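Visitor: what's the 3D shape of this:
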Amino acid sequence: ILFSICFESYSQISVTGYTNYVIGINTNKNKPISFDAKVFAYNYVEDLPIELNAFYNFKTKEYHRISIGLGINLSPFSSIDQMNSIVIPTSLEIFPMKDFKRIAIIFELTPEIRIEDDVVLRSLLGIRYTFDKK
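Guide: The predicted model follows:
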């Protein structure tokens, strides 16, 4: 608490709603490295998968940005060490309006290396809104 009172920091947060009942929160994608957390809300709470990723963001172009990441998919409510898979997400972020990059359409293709199974390929489609830092 003392640390948060003494120092002030700002970050840019994005919220993404994907198809298939998935919600994501991202840190600033304008920096080379960003972080992402996704909740897959289509399961019971004890089996609820949560995914944590670190992304490398390539330079933002006029209408798009490409990112590639590495992360883990786990179910923390079923068991403290319940890791489902290792993921390698590749994301294409399209900005429909050139001068308003706070809204983006997201296409994500992710190979999942499942711990107790085989490799599967997952795709997500979503809309991202980025809150401006003040």
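Visitor: The residue nearest the centre of the chain and residue 118: what is the separation?
Guide: Nearest residue to the geometric centre of the chain (Cα atoms, centre = their mean): residue 36, 3.5 Å. Computed as Cβ to Cβ, to the nearest Å, the residue 36 to residue 118 distance reads 24 Å. (C-beta placed from N, C-alpha, C; glycine too.)
Visitor: now do residue 65
Guide: Taking Cβ to Cβ, one finds residue 65 at 31 Å from residue 118.
Visitor: Where does pLDDT dip in this structure?
Guide: Filtered on pLDDT under 70, the chain yields the residue ranges 1-11, 80, 133-134.
Visitor: ok, now with 80
Guide: 1-12, 43, 46-47, 79-81, 98, 132-134 (pLDDT under 80).
Visitor: got the residue ranges for the helices in it?
Guide: Along the chain, counting by DSSP state H, helices occupy 2-6.
Visitor: Which residue ranges of it form strands?
Guide: 14-18, 22-26, 33-40, 50-57, 64-74, 83-87, 90-94, 103-114, 119-130 (DSSP state E).
Visitor: Which other helices and strands does the last one contact?
Guide: Applying 3 or more Cβ pairs under 8 Å, 6 or more residues apart in numbering; DSSP states H and E, one finds that strand 119-130 makes contact with strand 14-18, strand 22-26, strand 103-114.
Visitor: make it 10 Å
Guide: Strand 119-130 sits against strand 14-18, strand 22-26, strand 33-40, strand 83-87, strand 90-94, strand 103-114, with contacts defined as 3 or more Cβ pairs under 10 Å, 6 or more residues apart in numbering; DSSP states H and E.
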